[in-house]
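> Sequence first, predicted model second:
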Amino acid sequence: MNKESKGMLIGFIGILIFSLTLPVSKITLLSFNLYFIAFGRATLAGAVALVYLIYKKEHAPTKVDFVKFVVIALGVVFGFPIFTTVAMTHGSPSHGAVILGMMPLAIAVIGVLRFKECPLHWAFG
């Protein structure tokens with residue numbers, strides 16, 4: 001398998017797993033506390049990442065990078081799982097999927113506005 005095919009396969013698996021986030025959260029809410037679910041996901045993801053970094057023998061981040069990682073972790077590791085799990089206590093996975101589907105578009109728009117770039121240059125050079 002060449003690098004491009006391997007990358008596409010890994011990307012597909014990532015999208016498949018991500019697409020199950022809301023339905024699985026809704027199902028697990030029947031048996032577990034929402035904070036247990038949110039922090040459990042964060043703990044599991046962190047443990048897998050730590051094992052991978054140890055396996056690859058990566059260097060520890062600098063102080064500047066560590067501060068950036070903490071800010072990112074507050075949103076990605078804690079904010080997103082907690083807010084999506086809380087949302088699943090009040091709504092359906094299908095409604096949540098619509099909102100999650102719009103997130104990449106919102107991120108792209110914010111990026112264009114923040115960095116004052118014209119997206120047409122990306123498409124047409």
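Perfect, thanks for sending it.
> Could you check the pLDDT of Glu58?
For Glu58, the model assigns a pLDDT of 91.
> same deal with the one 10 residues further on?
Among the per-residue scores, Lys68 holds a pLDDT of 92.
> roughly how far apart are it and Tyr52?
From Lys68 across to Tyr52, the span is 19 Å (CB to CB, to the nearest Å). Glycine gets a C-beta too; all of them are placed from N, C-alpha and C.
> Could you do His95 as well?
34 Å.
> Leu113 too?
34 Å.
> Equivalent analysis for Leu30, please.
In terms of CB to CB, Leu30 sits 32 Å off from Tyr52.
> of those two, who's got more company?
In this view Leu30 and Tyr52 are compared by other CB atoms under 10 Å, and Tyr52 has more residues nearby, 10 against 6.
> how about low-confidence regions in the chain?
Per-residue confidence for the chain (pLDDT under 70) gives these ranges: 119-125.
> okay, which residue is most central for it?
Nearest residue to the geometric centre of the chain (CA atoms, centre = their mean): Val76, 6.0 Å.
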